[in-house]
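# Any chance you can model this:
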Amino acid sequence: MKQTIKRPDGRTGGGTLRPLASELSCLQRPDGSAKLSSGPTQILAAVYGPAAPRLSGREVKDRAVVSVVFKHGSKSQGGSSSAKGNGNGNGNNNTGAPPAYGATERELEAFIAESLVQCIDVKRYPRTVIEIVIQVIKADGSVVGTAINAAVLALLDASIHMTSLPIACTCLVGRGIENNKDIRLDPTAVEEGDEDFSTIVIVTNASKERSVIASINFGSYGLSSFLSAIEGSFRASKTMVAFFRLAVEQKVVRESKTLWSS
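Sure, this is the predicted structure:
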């Protein structure tokens, strides 16, 4: 008889996601913005551009440069990592305290930029920069996956043309062979701190059946665990796509009511 997994936040089963909430166009100055909550974890993302780069050296004649700034806490330093249309990041790793899973902010910025640039129609915006600023408001697990999803919502809010829809999912997998079937989606901070598990962030392409865009891992695991995590990410992406659609529809309805009432 299979034992039911009881999780710290009251969920039962490894494939259950935490409650989702979002708010689009929550900031006035950016071209697009979104606040996304996955349980207690809250992320704010803002998109600026496409706009002409402040430095001519960042300009690429046939495509846009996607720049990501990841801020974890109020003491984060304002660096950034950029990815051009070929998906190559050029960030450096010179920050202080690791914001998540032992990675630096620059490493996370590079991963997020390289994941998003594969889904943005960068050739549609030559000689421009699209800057994405991500601020962690509250962190209680699944920070990187929630940050990517918040950035995607902000890109949609800014009407940036996308070639595909990336969906990120954070998965917890057992380190030992005997735990390779114990997959937990959308883990809490308590679960991520368990030394018996490793964390994988998988970005799937919701516009193409069973397609993986990128992944980043923190810890060791077996091949079977990785394949199980991918399957879990595919299932979770369907829920996230439905949530994204609802969030955008609610924004359109809200704006239409404002337009007609003015």
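
# Tell me where this structure has helices.
Per DSSP state H, the chain has helices spanning 105-117, 143-157, 189-192, 223-261. These are given in chain order.

# other SSEs contacting the longest one?
Just to be clear, that refers to helix 223-261. Counting contacts by 3 or more Cβ pairs under 8 Å, 6 or more residues apart in numbering; DSSP states H and E, the secondary-structure elements packed against helix 223-261 are strand 20-24, helix 143-157, strand 166-174, strand 183-185, strand 197-205, strand 212-218. C-beta here means a position set from N, CA and C on the backbone, and glycine is covered the same way.

# possible to save those as TSV with distance to F226 and mean pLDDT?
Formatted as TSV, these follow (distance: least, Cβ to Cβ, whole Å; pLDDT from 0 to 100):
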stretch	distance to F226	mean pLDDT
strand 20-24	25	96
helix 143-157	16	97
strand 166-174	7	94
strand 183-185	10	93
strand 197-205	7	95
strand 212-218	8	94
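
# Could you dump these into a markdown table with distance to E131 added?
As requested, the helices and strands packed on helix 223-261 are exported to a markdown table (distance: least, Cβ to Cβ, whole Å):
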| stretch | distance to E131 |
| --- | --- |
| strand 20-24 | 18 |
| helix 143-157 | 11 |
| strand 166-174 | 18 |
| strand 183-185 | 30 |
| strand 197-205 | 20 |
| strand 212-218 | 20 |
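
# Of all those, which one is nearest R54?
Ranking the helices and strands packed on helix 223-261 by their distance to R54 (criterion: Cβ to Cβ) puts helix 143-157 first, at 20.5 Å.

# Quick one: distance of that closest one to the chain centre.
Average the C-alpha atoms of helix 143-157, do the same for its chain, and the two points are 5 Å apart (Cα atoms, centre = their mean, to the nearest Å).

# R127 versus G49, what's the distance?
Distance, G49 to R127, using Cβ to Cβ, to the nearest Å: 11 Å.

# More neighbours: the two, which one.
A side-by-side neighbour count of G49 and R127, using other Cβ atoms under 10 Å, places G49 first with 21 against 16.

# Now do the contacts for the closest residue to the more buried one other than its chain neighbours.
Leaving aside its chain neighbours, G49 sits nearest to I130 (4.4 Å; criterion: Cβ to Cβ, 6 or more residues apart in numbering). Applying Cβ atoms under 8 Å, 6 or more residues apart in numbering, we find I130 in contact with 47-50, 64-67, 120, 122, 160.

# Could you count how many residues lie near K238?
The local packing count at K238 equals 12, with neighbours defined by other Cβ under 10 Å.

# Of all the helices and strands packed on helix 223-261, which one comes closest to S256?
Proximity of the helices and strands packed on helix 223-261 to S256 was assessed by Cβ to Cβ; the nearest stretch is strand 20-24, lying at 13.8 Å.
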